[in-house]
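[1] Task: produce atomic coordinates for the following.
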Amino acid sequence: SYVCVDLRTRTYDVPPQEVLTKDSVTVSVDAVVYYRVSNATISVANVANAHHSTKLLAQTTLRNVMGTRPLHEILSEREAISNTMQASLDDATEDWGIKVERVEIKDVRLPVQLQRAMAAEAEATREARAKVIAAEGEQKASRALREASEVISDSPAALQLRYLQVRFRYKFIRFYNWETEKQDSRDIICRSMFLFWRKKKK
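    Model prediction:
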């Protein structure tokens with residue numbers, strides 16, 4: 001008799017596993033494992049069902065690896081955790097003729113209460129940052145006003161120059177507005193004359 005062995009790479013979706021992290025937080029984690037039969041003879045001779053055994057081992061390895069990490073590492077170091085799982089699985093399944101090529105952490109689901117707490121913390125952090133930025137802006141403005149006051153107090157001519165600048169700007173704005181209104185009046189008069197001429201012509 002003979003056994004047909006498929007040497008192509010297979011994927012196994014590890015179902016969500018309830019894991020208690022190192023800092024005592026319960027999370028639900030799932031992953032995907034890419035593996036293949038590297039030695040057909042060993043995979044048949046050394047284990048009754050190499051594929052089933054690999055899948056069971058993937059589940060326990062996921063729980064074991066996650067249980068040694070605190071929550072912040074699980075959320076921020078998925079790639080490192082995936083590499084650790086891949087190395088552990090590959091070493092354990094070598095005697096079964098199995099080669100684990102890659103492991104990827106798909107999703108980490110947190111309890112609803114913890115999600116709300118993290119969202120509130122993030123919002124508080126953003127508000128605190130906004131207050132710091134506003135305070136820094138006020139500090140810079142106060143410093144600029146103080147420096148300007150010192151310059152003006154040291155040089156009365158600077159105060160006179162600033163006064164002339166403001167006055168010139170004010171007059172320029174008034175002149176611009178007056179010219180605009182005058183132009184609008186001319187446009188209205190011209191249009192009225194045109195309509196009168198047109199009506200008279202008819």
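[2] What segments of this protein are helices?
    Using DSSP state H, the helices of the chain run over residues 40-45, 50-67, 71-76, 78-92, 112-154, 156-201.
[3] could you give the mean pLDDT of the last one?
    In other words, helix 156-201. On average, the pLDDT along helix 156-201 is 56.
[4] now swap in the third one and tell me
    For helix 71-76, mean pLDDT rounds to 89.
[5] Could you do stretch 80-92 as well?
    94.
[6] buried ones in that stretch?
    Ile81, Ser82, Thr84, Met85, Gln86, Ser88, Leu89, Asp90, Ala92 (16 or more other C-beta atoms under 10 Å). Yep, even glycine has a C-beta here, placed from its N, CA and C like the rest.
[7] contacts for that stretch?
    With contacts defined as C-beta atoms under 8 Å, 6 or more residues apart in numbering, stretch 80-92 is touched by 31, 33, 35, 54, 57-58, 61-62, 65-66, 69, 73-74, 99-105.
[8] ok, of the residues you listed, which come out buried?
    31, 33, 35, 54, 57-58, 61-62, 65-66, 69, 73-74, 99-100, 103-105.
[9] Val44: what's it in contact with?
    Applying C-beta under 8 Å, 6+ apart, the residues near Val44 are Val3, Val5, Ala50, Gly97.
[10] try 6 Å
    Val3 (C-beta atoms under 6 Å, 6 or more residues apart in numbering).
[11] TSV for the buried residues of stretch 80-92, including distance to Thr21?
    Below are the buried residues of stretch 80-92 laid out as TSV (distance: C-beta to C-beta, whole Å):
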residue	distance to Thr21
Ile81	11
Ser82	16
Thr84	15
Met85	15
Gln86	20
Ser88	18
Leu89	20
Asp90	24
Ala92	23
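[12] Got the domain ranges for the protein?
    As given by automatic domain parsing, the domain ranges for the chain are 10-110, 111-154, 156-202.
[13] gap between the two ends of stretch 6-25?
    40 Å (C-alpha to C-alpha, to the nearest Å).
[14] With stretch 67-81 instead?
    11 Å.
[15] burial count for His52?
    Other residues lying near His52 total 10 when counted by other C-beta atoms under 10 Å.
[16] So it versus Leu62, what's the distance?
    For His52, the distance to Leu62 (C-beta to C-beta, to the nearest Å) stands at 16 Å.
[17] And for Pro70?
    Computed as C-beta to C-beta, the Pro70 to Leu62 distance reads 16 Å.
[18] Likewise for Pro15?
    10 Å.
[19] could you check the distance from Tyr35 over to Arg78?
    Counting by C-beta to C-beta - Tyr35 and Arg78 are separated by 19 Å.
[20] what does Glu94 give?
    25 Å.
[21] between the two, which one's more packed in?
    Each of Glu94 and Arg78 has its neighbours counted (other C-beta under 10 Å); Arg78 has more, 17 against 14.
[22] so that one makes contact with Ile105?
    Yes. Contact criterion C-beta atoms under 6 Å: Arg78 and Ile105 qualify, at 4.5 Å.
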